[in-house]
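> sequence and predicted model, in that order:
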Amino acid sequence: MSRRKVVTTLAVTVISLMTLAGIVLAVVFAMRGGQGFGLGGRIAVLDVEGIIDDDQEFLEDLRRFRNDPSVKGYVVNINSPGGIVAPSQSIYQELRRIRDEDDVPVVASIGGVGASGGYYIALAADSIFALAGSITGSIGVIMEIPDASELMEKVGVRMQTVMSAEHKDVGSPFRPLGPGDRAILDSLVLDVYAQFVDVVATERQLDRAQVEQVADGRILSGRQALERRLIDGLGNRRDAINVAGRMAGLGDDPRIVRPPEDRVTVWDLILGRGSARILARLGALDPDPAPRLKYVVPW
């Protein structure tokens, strides 16, 4: 074989391999929600799963999708009983910002449960869907404060506290609440509760009096929520995606993109993914016993 034929053969082989590698990378990135490989419009699907105690991962996924020009709308799948107030409000605000600034549809889909903080997040959507038997509602605020003072007295342990002012240790688990403490915390809880009611009234276009009738912490089924105009329709995740596709001009069956899945760790392989996540969550528990305001169903 002549030298020219050898060079030509090598060049063709290299080009073929590069093309194949490019196709493989494109498929991988498309499956993982990578940027720059989206062809045409897509609907981004994000999940709010479990107790809401942090907003960082969700906001990072949202930022990535906002930088992707192929994303023409969003579906937020919610399966959460709520959680801490601030992360719930933060996620709501970012989704609301998308509606205000990006002019793209946002649709919420409530699965098994989307209550309290989970419902608060759903309020940012243009439309909210739930199943007839979904658990939703639970509009309210809760603050739980452990009182270990009697136990400490039994074992002979006392906490010596030096404070700059009378109410600096409000909510301490080392002493019972006094009347002044309870008045302060009642005021705090009622203020945050009023914020929740205001958002429901604004987003659902309801009179405040109408909202207050169901804003006593009660849980509702999806069908009950629809009767009270807290959601827009009954349907599952696929229905929500179809609605988002139509609102975005992508038709009834739009292509979707999801955030990249977490990398599989050695512990995932040894213990199983569910057990590894539980252990990671236990290891990340905040040892600070300070009380926290929560939009959450307490069970």
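That came through fine.
> rest of the way, CA atoms for contacts and neighbours
Noted.
> what's the first-to-last distance across stretch 143-155?
End-to-end distance of stretch 143-155 (CA to CA, to the nearest Å): 27 Å.
> may I see the buried residues of it?
For stretch 143-155, burial by neighbour count (16 or more other CA atoms under 10 Å) applies to 143, 145, 149.
> can you tell me the average pLDDT over it?
Regarding stretch 143-155, the rounded mean pLDDT is 86.
> picking that back up, of the buried residues of stretch 143-155, just say which sits nearest to residue 88.
Using CA to CA, residue 143 is the member of the buried residues of stretch 143-155 that sits closest to residue 88, with 15.2 Å.
> re earlier: closest to residue 180 out of the buried residues of stretch 143-155?
For the buried residues of stretch 143-155, the nearest to residue 180 is residue 145 (15.2 Å; CA to CA).
> counting neighbours, what do you get for residue 258?
Neighbours of residue 258 under the rule other CA atoms under 10 Å: 18.
> local confidence estimate at residue 239?
As predicted, residue 239 sits at a pLDDT of 96.
> what's next to the helix or strand hosting it, contact-wise?
Using DSSP states H and E, residue 239 sits within helix 237-247. Identification of contacts with helix 237-247 by CA atoms under 8 Å, 6 or more residues apart in numbering yields 43, 73-75, 77, 105-111, 129, 251-254.
> again, 7 Å this time
Helix 237-247 has contacts (CA atoms under 7 Å, 6 or more residues apart in numbering) with 43, 73-75, 105-109, 129, 251-254.
> can you list the weak-confidence ranges in the chain?
Scanning the chain for pLDDT under 70 picks out 1-12, 14, 16-39, 262-291, 298-299.
> report the central residue of it.
The centre of the chain sits closest to residue 48, judged by CA atoms, centre = their mean, with a distance of 3.3 Å.
> dump stretch 190-204 to CSV, restricted to CA.
Extracted C-alpha coordinates of stretch 190-204, given in CSV (Å, rounded to 0.1, in the frame of the first residue of the first chain):
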residue,chain,number,x,y,z
LEU,A,190,-48.6,34.8,63.1
ASP,A,191,-46.5,37.2,61.0
VAL,A,192,-45.1,34.3,58.9
TYR,A,193,-48.5,32.8,58.7
ALA,A,194,-49.9,36.1,57.4
GLN,A,195,-47.2,36.0,54.7
PHE,A,196,-48.4,32.5,53.6
VAL,A,197,-52.1,33.6,53.5
ASP,A,198,-51.1,36.7,51.5
VAL,A,199,-49.3,34.6,48.9
VAL,A,200,-52.2,32.2,48.5
ALA,A,201,-54.7,35.1,48.2
THR,A,202,-52.6,36.8,45.6
GLU,A,203,-51.6,33.8,43.4
ARG,A,204,-55.0,32.1,43.5
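> let the chain start at 54 from now.
From this message on, residue numbering opens at 54, which makes the last subject stretch 243-257.
> enumerate the positions of that stretch that are buried.
So stretch 243-257, judged by 16+ other CA under 10 Å, has buried residues 245, 246, 247, 249, 250, 251, 252, 253, 254, 257.
> what's the answer for stretch 111-122, then?
In stretch 111-122, counting by 16+ other CA under 10 Å, buried: 111, 114, 115, 118, 119, 121.
> name the SS class of the last one, please.
Right, the one you point to is residue 121. Of the three states, residue 121 takes coil according to DSSP: H, G, I helix; E, B strand; the rest coil.
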